[in-house]
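Peer 1: sequence? don't have it. structure:
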Ligand code: GAL
């Protein structure tokens, strides 16, 4: 249980933890084989139930999968008798699925659209998320694997949702919650040779407030191990003492014995550095744990503890002041000198501390959290996990100066946390948007009583070795947060956090529970959503009262701002205020006819605020550890304030991955050492000659001079609590605007925006011109509409068509970041939005060579770019 020192006023230094129980594919002679089952599926979606099955009929067979995650002696017995589904034709070997769609995983069936799917509201993005989905494929298991008595597991990284699995017509089991990873034991049902694997998913309408996606949307693995092996998430590494001279590393290894008889097992673990690029072990072992033995009786699990010292450890920490160094512990199980299992655990060595007065500390350094919240979709690709798309998101966020990520409101793909470890991001890992009381009819509240414990323990065990994780969130804006039940359930969940991970604290994202709520009393870290900075135009903050009521607890802003905007759309007049609630009256920043919100980055819904106001409040209350802004990227669904749209307006970066003006407002604050200056709005307003057109400057400098058509309009310093330099009285006149920023009186950065003529050509650039020819790697191609002088035409909305002119590639999707654009993402043709268009391209699997991607638009010079598959 949690140590009492956690509540002292002193700086709380907790030691590090680590990363992924990554069972990287190991050679067969290591005793462990982990193979992808992503390929070769047949799929069909049904909008009405084709099989008479339901969670109610399947539940008793699903619950035994929870057994490994229940405390005490609680265990579910698999019911005797015939399991449901053995009479459903889709589970049978002889069912002809030839008419079903052929596909590879990860797969999100809803992203294909079309939009405005019957019954699906704006929240989940109006895409066809609902229905029953069946997946089928053959699974060949070698005879010697079966005859040698290996254990055979199916590991889902994530599947949306209510997943049930049959092998050869026998119900194996399932897991309802769509965001957790889970393992099913196929061993009793496998036969040598061909096996029929059938998976049923069940997505109800009204299951989510945002786009949840649908399908087996993350990787799927077959794990074959000897019957005595390291269990699922079977290692836990901590570093109870860390200095620059040496670190103590502790490991707990769970050994499972699936045989009938008792076995004595010898364990050895060596520690290697991890190559920062490949994330693979590199070089010589830097330390090893003392070898130990455990005796495990048949059908049970035993833990072994060991300790090692790493001298001169390279610590894990966030850039720019620290480096995200990683290690890997390679554990082997053997008997009489013969190795029969090998298991890798990537981890980092670091300390973290939660100071009520200073904020967050890592390796003794105070690091303010400049974080963002993000949902799990990857824009036009949907929720189907793609490594490169996720990496691009993290790279763009790092360019922003974002050092923290909140996995709102659910656990992410395992690879996403590997990326966070690799890039040195500080992660607040979150589970649950609802407990017992629903937010939408079919959310987690439907199964809370049976599944909260297995889902909570599963979530923490999977993720607790990642050094990037600095806290666990037990929920977001839980409806019962202000009631007595908030404290009761909050404590119950937090107790599980402490049992599963004594090295980190728990928080909860509270938008309404105040200091006197029972939830605030029990929670380790006070997490505030919006109430800290004050809602809307109010500056009344709950932080002083939380801080004085709980002088021993750190406070952070688990969710802040919720500023809304459409990239490149500027509406006049502009509010003179620091923040304004979006509406349709003049100065309120909203255009309900065209469903756009002004990109002056000053507008928000009633509960929310502009970035500037949040910055001010953080500067006034510096003991608050930092913020997780809602959101880094726009996401599908929740299109506040225009429910008819397809995607959100909240992102600092739009759905296509294009930077909104807000990107530079955050960058100016989060990367104070980066010389930068940014101007808005654009300067092509043929209808605004001589009209007041405010110019705002975002800079990491402290002062700026503005020139309109090379004439100085003035030079201004940022005042106290000012984060932008405003020239609100500028009269538009075609030509140019230029800003020269200064820091401490010295010229720091300069930028210019010129008036564009009419559209003349398309210009294409790829984020990467060399990609792997594996059918998965992606190149993100930005197309700009330019005038004859090469100036971007800022309001261009020309229709553009992307095509592969030659070479072994495919257009995966297109987008433009326009929240109102309901063209299906797979369409190669769509309009530019505010002058930009995106095409995502991949190479054919197994191909090499040049892929020429061409972009055409009527009346404009064609653009093209070459991407090489290697
Ligand atoms: C919060 C909520 C988020 C999102 C956001 C939009 O209250 O936690 O999930 O809905 O509002 O502003």
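Peer 2: Good, I have the coordinates. These numbers were taken from a predicted model, which means no experiment stands behind them.
Peer 1: so which elements touch the top strand by length along the chain?
Peer 2: The residue-count maximum for a strand in the chain (DSSP state E) belongs to strand 228-242. Applying 3 or more C-beta pairs under 8 Å, 6 or more residues apart in numbering; DSSP states H and E, one finds that strand 228-242 contacts strand 13-15, strand 151-156, strand 246-257, strand 327-335, strand 338-347, helix 448-463. From N, CA and C alone the C-beta is placed, and that goes for glycine too.
Peer 1: how does it look with 7 Å?
Peer 2: Applying 3 or more C-beta pairs under 7 Å, 6 or more residues apart in numbering; DSSP states H and E, we find strand 228-242 packed against strand 13-15, strand 246-257, strand 327-335, strand 338-347.
Peer 1: which residue comes closest to residue 691 once chain neighbours are left out?
Peer 2: Leaving aside its chain neighbours, residue 691 sits nearest to residue 732 (5.5 Å; criterion: C-beta to C-beta, 6 or more residues apart in numbering).
Peer 1: quote the end-to-end distance of stretch 589-606.
Peer 2: This stretch, stretch 589-606, spans 13 Å end to end (C-alpha to C-alpha, to the nearest Å).
Peer 1: pLDDT (mean, whole number) over that stretch?
Peer 2: Average pLDDT, stretch 589-606: 98.
Peer 1: tell me, how many residues neighbour residue 427?
Peer 2: A total of 23 residues lie near residue 427 under the criterion other C-beta atoms under 10 Å.
Peer 1: from the ligand, how far off is it?
Peer 2: As judged by C-beta to the nearest ligand atom, to the nearest Å, residue 427 and the ligand stand 17 Å apart.
Peer 1: all strands of the stretch 251-400 of the chain, in order?
Peer 2: Assigned by DSSP state E, counting those that start in this stretch, the strands in the stretch 251-400 of the chain fall at 263-273, 287-296, 300-311, 327-335, 338-347, 351-355, 359-362, 365-366, 369-373.
Peer 1: list the contacts of the last one.
Peer 2: Residues from elsewhere that reach strand 369-373, judged by C-beta atoms under 7 Å, 6 or more residues apart in numbering: 360, 397, 401-406, 408, 426, 556, 559, 625-632, 652, 670.
Peer 1: buried set for it?
Peer 2: By neighbour count on 16 or more other C-beta atoms under 10 Å, the buried set for strand 369-373 is 369-373.
Peer 1: equivalent analysis for stretch 356-369, please.
Peer 2: For stretch 356-369, a neighbour-count test (16+ other C-beta under 10 Å) marks 356, 359-364, 367-369 as buried.
Peer 1: between these, which is nearest residue 239?
Peer 2: residue 363 (11.1 Å; C-beta to C-beta).
Peer 1: and which of the buried residues of strand 369-373 is nearest the ligand?
Peer 2: Relative to the ligand, the closest of these is residue 373; by C-beta to the nearest ligand atom it sits at 7.4 Å.
Peer 1: please name the bridge partners of the closest one.
Peer 2: Taking DSSP bridges as the rule, residue 373 bridges to residue 406, residue 630.
Peer 1: tell me how far it lies from residue 427.
Peer 2: Applying C-beta to C-beta, to the nearest Å, the value for residue 373 to residue 427 is 11 Å.
Peer 1: pLDDT score assigned to residue 291?
Peer 2: 86.
Peer 1: pLDDT wise, what is the residue nearest to residue 691 at?
Peer 2: You'll see residue 732 listed with a pLDDT of 98.
Peer 1: that one touches residue 688, doesn't it?
Peer 2: Yes. Here residue 732 reaches residue 688: they are 4.2 Å apart, a contact under C-beta atoms under 7 Å.
Peer 1: these two: which is more packed in?
Peer 2: Using other C-beta under 10 Å as the criterion, residue 732 and residue 688 rank with residue 732 on top: 23 against 16.
Peer 1: the more buried one and residue 789, how far apart?
Peer 2: Distance of residue 732 to residue 789, computed by C-beta to C-beta: 20 Å.
Peer 1: I'd like to know how many residues surround whatever residue of the stretch 151-300 of the chain ends up closest to the ligand.
Peer 2: With C-beta to the nearest ligand atom, the shortest gap between the stretch 151-300 of the chain and the ligand falls at residue 209, namely 6.1 Å. Residue 209 sits with 20 neighbouring residues when counted by other C-beta under 10 Å.
Peer 1: check contacts around the nearest residue to it once chain neighbours are set aside.
Peer 2: Closest residue in space to residue 209, ignoring its immediate chain neighbours: residue 123 at 5.0 Å, by C-beta to C-beta, 6+ apart. Residues near residue 123 by C-beta under 7 Å, 6+ apart: 209-210, 637-638.
Peer 1: out of these, grab the one that's most surrounded.
Peer 2: When neighbours are taken as other C-beta under 10 Å, the top entry among the contacts of residue 123 is residue 637 (25 neighbours).
Peer 1: so which residue of the stretch 451-600 of the chain comes closest to the ligand?
Peer 2: Nearest residue of the stretch 451-600 of the chain to the ligand: residue 562, at 3.5 Å (C-beta to the nearest ligand atom).
Peer 1: from what I can see that residue touches residue 604, true?
Peer 2: Yes. If you go by C-beta under 7 Å, residue 562 and residue 604 touch, sitting 5.4 Å apart.
Peer 1: between these two, which one's more packed in?
Peer 2: It is residue 604, of residue 562 and residue 604, that has more neighbours when counted by other C-beta under 10 Å, with 32 against 23.
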